[in-house]
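Undergrad: Quick one, what's the 3D model for this:
(one chain, ligands or ions: 1)
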Amino acid sequence: MRILIDFDETITTKDTISLLLSLPQHHLQPSHFSDIYLSAYKSHVKSVANVEDEINFQKQLLSVENTSINALQHEKFFKGITANQIARLSSEVAVQPGFFTFLRKCKTLNLAVSILSLNWSSVLIRSVLGEFGNDVEIVCNDLEMVDGVCTGNFKGNIRTGYDKLQYIRQFPQKVYIGDSRSDLLSLLASDVGIVMESGSLLKKSPWELKIKSLNEIRFVDKFTHRKVNEFTNREVDKCTNRKVNEFSNQLYKANWHDIVEFI
Ligand SMILES: [Mg+2]
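TA: The predicted structure follows:
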């Protein structure tokens with residue numbers, strides 16, 4: 001069983017991309033690239049009513065993401081930024097209350113944890129995790145670093161919610177924790193999908209989601225002692241023991257204190 005967690009605004013209280021964008025001393029301002037992104041995004045917006053629509057929407061979002069990533073690479077915006085400069089940003093990143101207690105408990109229970117993020121720097125994520133930085137797998141849309149210096153290119157391929165979904169499919173049993181629309185497909189495709197109670201997804205989901213409080217799951221055992229799929233309403237085929245549908249229609253909302261109690 002694996003626990004997969006988004007980074008920005010799930011682990012942190014605020015988005016951290018703007019911190020990364022503030023590092024380079026470049027003749028172009030960060031707003032140049034956010035303007036490119038926003039104009040590409042606006043032309044892409046459309047209404048979405050179900051999982052199939054959302055899969056198509058997220059697949060098509062790749063071209064929007066690539067518009068600004070390609071511009072950043074073309075201008076070599078991050079070239080020359082060092083790993084030390086990025087790591088020092090972690091002092092400006094606030095982590096949500098209870099998150100480190102959660103990581104400590106996962107370590108004690110020997111639970112496998114991955115951070116799956118559209119963030120641009122595994123160096124930043126690892127630095128924010130501090131003493132736990134080497135205990136978790138970090139997968140993101142990463143800046144390419146050679147000998148501790150950024151080349152200006154990106155080497156990661158986690159750019160949309162569809163990329164996240166593709167990544168989590170390798171794990172047969174999983175819990176996913178996220179906050180926003182780019183997490184939606186992964187949340188629905190997990191045995192337990194947990195949305196942060198502060199998450200934007202609760203305020204603006206593409207269609208009405210079925211959401212319970214995590215505290216409403218009242219089992220005597222915790223899921224470390226049971227099969228994860230016993231905690232869901234997902235139908236399992238009795239012959240093959242596989243889930244009938246990849247996507248659940250039940251999500252849970254929680255904060256990190258609730259999640260610590262849950263595991
Ligand atoms: Mg997020």
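
Undergrad: Contact partners for residue 196?
TA: 9, 10, 96, 177, 178, 179, 253, 254, 255 (Cβ atoms under 8 Å, 6 or more residues apart in numbering). Any C-beta I mention is one placed from the backbone N, CA and C, and that applies to glycine too.

Undergrad: which of these has the most neighbours?
TA: In terms of neighbour count, residue 178 stands highest of the contacts of residue 196 at 30 neighbours, by other Cβ atoms under 10 Å.

Undergrad: Go ahead and confirm it touches residue 7.
TA: No. Between residue 178 and residue 7 there is no contact under Cβ atoms under 8 Å: 9.5 Å.

Undergrad: how about residue 54, what does it touch?
TA: By Cβ under 8 Å, 6+ apart, the neighbours of residue 54 are 48, 161, 184, 185, 206.

Undergrad: Could you dump these into CSV with neighbour count added?
TA: Converted to CSV, the contacts of residue 54 look like this (neighbours: other Cβ atoms under 10 Å):
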residue, neighbour count
48, 18
161, 24
184, 28
185, 27
206, 17
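
Undergrad: Which of these fall in helices?
TA: Among the contacts of residue 54, DSSP state H puts 161, 184, 185 in helices.

Undergrad: What number of residues are in the vicinity of the nearest residue to residue 75 once chain neighbours are set aside?
TA: Here the nearest residue to residue 75 in space, its sequence neighbours aside, is residue 28; by Cβ to Cβ, 6 or more residues apart in numbering that works out to 5.8 Å. Around residue 28 there are 12 other residues, counting by other Cβ under 10 Å.

Undergrad: Secondary structure element holding residue 28?
TA: Residue 28 belongs to no helix or strand when elements are defined using DSSP states H and E.

Undergrad: Check residue 31 too.
TA: Using DSSP H and E, residue 31 falls within helix 30-42.

Undergrad: For that helix, give me every contacting residue.
TA: Residues contacting helix 30-42 (Cβ under 8 Å, 6+ apart): 18, 21, 22, 63, 64, 65, 67, 68, 71, 72, 77.
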